[in-house]
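Chemist: How does the following fold in three dimensions:
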Amino acid sequence: MSYNQTVEPHHKLQYSNNVKMVAQQVQNPLRAAVTIVPASGEAQDIADLIGKTEYQEGEDYGQRNPEITPQRNRRWLIRPKSVEIGQTITKEEKFDQAMDHTSMLVRNQVWTVERGVYDRILGVRMVGSSFEIAGGGILGAVHSGKTPSSTSDLPTGNFIAVNAGGSGNTGLTTYKLRAATEAMELQDFGLETEDEVWGLITPKQKTDLINLAIATGSNLDPFEVKAIRDGKPGTLLGINWLFSNRLPVDSDGYRLVPIWTKANIVCGMWQDVEGAMWNNTERKNLPYIFTDAYPAAGRVEDAGVRVIRCNEA
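Modeler: The predicted structure is shown next:
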């Protein structure tokens, strides 16, 4: 074998299969908390929204037909730019790693693209060493209208104030959690349907959550509390919790903690994580590996998402 290893058809197939196998093993946890659907074309409609209506009572001997016209709207996912990573293989042992689905080379390629999928679902992008709201997803803007000609940000009323409850505790509190879930329940999210409620927190809010569990007392399931303490996804206080260091902060430096219902967040996959390999003629014909995905996500309805501002000072 030489450094200028020729990439044969069976090498291409092997690497592609390796990526698919690893992608099934290391999928980011947000995938389980949203609705994944296949997508195609320039734009994919995710919901034809029909505004809520109330019935009316008829009149005795009334001859008029009731006319109650709900407000209509449509929401879209736009075909996204790819999330991608590539690498030229400069050593023979790395070529062997590309042929091994258990190697760190393949796993790193997949994990890197999965982080991009994660950020698209959450609606953030990395700026320097921190994250900001961008694109669609849970936190970002969503395309709406008869055609995807306009975008709608998450309304300011969907954000829970950092000092909500006035208790002096500006972290993650039971008051804020109840305010978030109550607001969604008042909009019939989690009441008329048995939709799962999910929340995403950083290690700082994990500490707050453990303290809340301890303060709440013995009526909580100790196994659920232990799972949260150990950093494992689990249910506590009626919410399925996930942990991440990729949550954004607002302009005041407060961490933005989203709470949402699973059915209300749709992630369209124009292409899930896939890999390819070829000889790079611009780099001495060395083998080159490439991994990418085309995900886009958005909210079906804004009312199914709430964001809690938390002070981490």
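
Chemist: Go through the helix or strand harbouring residue 185 and flag the buried ones.
Modeler: Following DSSP states H and E, one finds residue 185 within helix 174-186. Within helix 174-186, the residues scored as buried using 16 or more other Cβ atoms under 10 Å are 176, 177, 178, 179, 180, 181, 183, 184. The way it works is simple: take the backbone N, C-alpha and C, and place the C-beta from them, glycine included.

Chemist: Take these and write them to a markdown table, including distance to residue 105 and pLDDT.
Modeler: Shown next, in a markdown table, are the buried residues of helix 174-186 (distance: Cβ to Cβ, whole Å; pLDDT from 0 to 100):
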| residue | distance to residue 105 | pLDDT |
| --- | --- | --- |
| 176 | 43 | 91 |
| 177 | 42 | 89 |
| 178 | 47 | 88 |
| 179 | 47 | 91 |
| 180 | 42 | 91 |
| 181 | 43 | 88 |
| 183 | 46 | 88 |
| 184 | 43 | 87 |
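
Chemist: Residue 115 belongs to a strand?
Modeler: No: assessed with DSSP: H, G, I helix; E, B strand; the rest coil, residue 115 is helix; it does not lie in a strand.

Chemist: quick one: contacts for it?
Modeler: 28, 246 (Cβ atoms under 8 Å, 6 or more residues apart in numbering).

Chemist: Please report how far it lies from residue 278.
Modeler: 24 Å (Cβ to Cβ, to the nearest Å).

Chemist: One more: residue 150?
Modeler: 41 Å.

Chemist: ditto for residue 98
Modeler: If you go by Cβ to Cβ, the gap between residue 98 and residue 278 works out to 12 Å.

Chemist: Flag the shaky bits of the stretch 101-250 of the chain, pLDDT-wise.
Modeler: 167, 189-194, 216-234 (pLDDT under 70).

Chemist: Mind jotting down where the strands sit in it?
Modeler: 124-127, 130-133, 142-144, 150-152, 159-160, 197-201, 234-236, 239-243 (DSSP state E, counting those that start in this stretch).

Chemist: Strand partners (parallel or antiparallel) of the fifth one?
Modeler: Think strand 159-160. strand 305-310 (parallel) (DSSP bridges).

Chemist: I would like the residues contacting the partner strand, please.
Modeler: Outside strand 305-310, the residues touching it (Cβ under 8 Å, 6+ apart) are 138-139, 154, 158-162, 170-172, 176-177, 179-181, 183-184, 204-205, 208, 250, 254-261, 264-265, 299.

Chemist: I'd like the next helix or strand past the lengthiest strand in the chain.
Modeler: The single longest strand within the chain, with elements called by DSSP state E, is strand 265-280. Helices and strands here follow DSSP H and E; after strand 265-280, the next one along the chain is strand 286-299.
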